[in-house]
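Q: sharing a sequence plus its predicted fold:
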Amino acid sequence: MVLGSTQGDAAVDRVRLARGGAVLARRRSGGGAVWVAPDDPAWIDLWLPRDDALWVDDVTVSFEWVGAAWCRALEELGVDGLEVHRGRSVATTVWASLVCFGGIGAGEVLAPDGRKLVGLAQRRTRRGAWFHGAVYVRWDPGPLVDVLAVTDDERARALQDLGPAAAGLDGWGVGSGVDLPAALLAALPSSLP
């Protein structure tokens, strides 16, 4: 379970986490919790130096070229009809502040039906910005919801709400054997403004 930088440890039920054999980690970028298994999601980081021509001071706008690259890479893998979300974050579920894939943020990639496909986060320093991107091969909110520090009724509602909020690549026949880093690197030059 990877928490965002602003999330407290109280978001996680430590007993349930330990019982499932999982560990807690924290990333230094914002956003909600992400469940990370050994083979899912594909998590790719991009680094942009502050003096690069792509640097944009507006944090919201700065995600757009990253989302465009993800979108193009996935289209090259046969995932059609994708859209990059532009503008402020949107809470598509009541779980958006707790779970990354429970809402939509700037630059994130959406499936044709509006479900979130690629989640993005960013960490800025004086030297530049790290852009974190994650896409699930198979979207299953169950393991993440299982370790949240919520009541059993809330857990049931979270599963019901989060299931249709996001999508995995398996819906397009894209499996875990695809080289997403290579596809993203190949898509970068044609996705830049």
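A: Received, thanks.
Q: going forward, measure contacts between C-alpha atoms and count neighbours the same way
A: Will do.
Q: for the most centrally placed residue in the chain, give its distance to L110.
A: For the chain, the residue sitting closest to the mean C-alpha position, by C-alpha atoms, centre = their mean, is G119 at 2.1 Å. Here the criterion is C-alpha to C-alpha, to the nearest Å. By it, G119 lies 9 Å from L110.
Q: A186 too?
A: Taken as C-alpha to C-alpha, the span from A186 to L110 is 20 Å.
Q: neighbour count for the two, which is higher?
A: L110 (22 against 15; other C-alpha atoms under 10 Å).
Q: coming back round to it: from the chain's centre, how far out does the host helix or strand of the residue nearest to the centre of the chain sit?
A: For G119, the host element (DSSP states H and E) is strand 116-124. Taking C-alpha atoms, centre = their mean, to the nearest Å, one finds the center of strand 116-124 at 5 Å from the center of the full chain.
Q: next, the spatially closest residue to F101 that is not a sequence neighbour: phi, psi?
A: Nearest non-adjacent residue to F101, counting by C-alpha to C-alpha, 6 or more residues apart in numbering: A166, 6.1 Å away. The phi/psi pair for A166 (degrees, to the nearest 10) reads phi -140, psi 170.
Q: isn't A166 up against V137?
A: No. At 11.2 Å, A166 does not count as touching V137 under the criterion of C-alpha atoms under 8 Å.
Q: please enumerate the strands of this protein.
A: Along the chain, the segments classed as strands by DSSP state E run 2-3, 25-26, 42-49, 83-84, 109-110, 116-124, 128-135.
Q: who are the packing partners of the second one?
A: In this case it means strand 25-26. strand 2-3 (3 or more C-alpha pairs under 8 Å, 6 or more residues apart in numbering; DSSP states H and E).
Q: give me the contact list for the strand it packs on.
A: L24, A25, R26, R27, G31, G32, A33, V34, W35, V36 (C-alpha atoms under 8 Å, 6 or more residues apart in numbering).
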